[in-house]
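Chemist: Sharing a model prediction with you, sequence too.
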Amino acid sequence: DEAQQAYRDSETICRSLVADFGTTPERLRDLSISVERLGDIAKTLDQLFEARQAYRESETLSRILLANFGPTPEHLRDLSVTLEKLGDVALELGQMGEAQQAYCEGEKHHRTLLSDFGKTPERLRDLSVSISKQGDMAQTLGLFDEARQAYRESATLCRTLLPAFGTPPEHLRDLSISIS
């Protein structure tokens with residue numbers, strides 16, 4: 001597949017840049033994103049073990065970024081998104097504990113983004129999605145009260161988007177998804 005080959009080429013280039021010219025935040029982040037995209041392709045092709053392997057490497061690279069270069073909004077969001085993708089794959093593989101752990105940590109990083117770097121529509125939406133995923137997880141486990149609570153919190157976050165940031169179609173869409 002062309003997309004998969006393009007992402008493999010990108011990964012190879014990113015690895016070469018790190019190996020030949022040293023580690024910088026930009027090079028590590030580029031490598032992490034390239035690896036994550038390979039995971040996305042593998043997940044799309046229903047190659048869940050390959051996807052999980054790629055997401056775990058991306059997670060490791062994101063953690064190295066945080067440890068070596070400090071928490072930035074970009075680094076925290078990258079890690080939280082990767083954790084959610086790991087959670088999604090774990091859920092599909094029936095590994096509920098791993099999925100729950102990934103979703104919880106992703107939510108923690110989204111909350112850190114809001115508290116340390118301020119509210120933006122994207123950060124509120126990301127937190128809402130993270131909480132909604134935990135609601136999905138709770139529902140799958142038959143924990144309906146927890147699921148309902150998560151969905152309510154997700155909807156509340158989406159509702160705060162409207163008065164604070166206006167009513168562009170994407171905010172209305174996010175609200176409608178969190179309510180349904």
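Modeler: All right, it came through fine. Numbers count the residues shown, from 1 in each chain.
Chemist: quick one: buried residues of the helix or strand harbouring Gln5?
Modeler: Gln5 is part of helix 2-21 when elements are defined by DSSP states H and E. Along helix 2-21, these residues count as buried under the neighbour rule (16 or more other Cβ atoms under 10 Å): 7, 10-11, 14, 17-18. (Each C-beta comes from the backbone N, C-alpha and C, glycine too.)
Chemist: Would you indicate which residues of the helix or strand just after that helix are buried?
Modeler: Next along the chain after helix 2-21, taking DSSP H and E as the criterion, comes helix 25-44. Neighbour counts over helix 25-44 (16+ other Cβ under 10 Å) mark 27-43 as buried.
Chemist: circling back to that earlier point, tell me the gap between the helix holding Gln5 and the middle of its chain.
Modeler: 22 Å (Cα atoms, centre = their mean, to the nearest Å).
Chemist: if we look at it, which residues are touching it?
Modeler: If you take Cβ atoms under 8 Å, 6 or more residues apart in numbering as the criterion, helix 2-21 is touched by 27-28, 30-31, 34-35, 37-38, 41, 45.
Chemist: In TSV, list these along with pLDDT and distance to Pro73.
Modeler: Formatted as TSV, those follow (pLDDT from 0 to 100; distance: Cβ to Cβ, whole Å):
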residue	pLDDT	distance to Pro73
Arg27	95	19
Leu28	95	16
Asp30	96	17
Leu31	96	19
Ser34	95	20
Val35	96	21
Arg37	95	20
Leu38	96	24
Ile41	95	26
Leu45	94	31
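Chemist: With respect to Gln100, which of the residues you listed is nearest?
Modeler: Checking the contacts of helix 2-21 against Gln100 by Cβ to Cβ gives Val35 as the nearest, at 23.7 Å.
Chemist: Next one: the closest one from Gln149, what distance?
Modeler: The gap separating Val35 from Gln149 is 35 Å, by Cβ to Cβ, to the nearest Å.
Chemist: Just the helices from this protein, written as ranges.
Modeler: 2-21, 25-44, 48-69, 73-92, 96-117, 121-140, 144-165, 169-179 (DSSP state H).
Chemist: Pick out the shakiest of the ones you listed, pLDDT-wise.
Modeler: When the helices of the chain are ranked by mean pLDDT, helix 169-179 comes last with a mean of 49.
Chemist: Go ahead and confirm Asp136 touches Arg148.
Modeler: No: proximity of Asp136 to Arg148 does not meet the contact threshold set by Cβ atoms under 8 Å, at 12.0 Å.
Chemist: Same drill for those two, tell me which one is more crowded.
Modeler: Asp136 (18 against 13; other Cβ atoms under 10 Å).
Chemist: wait, what's in contact with that one?
Modeler: 91, 147.
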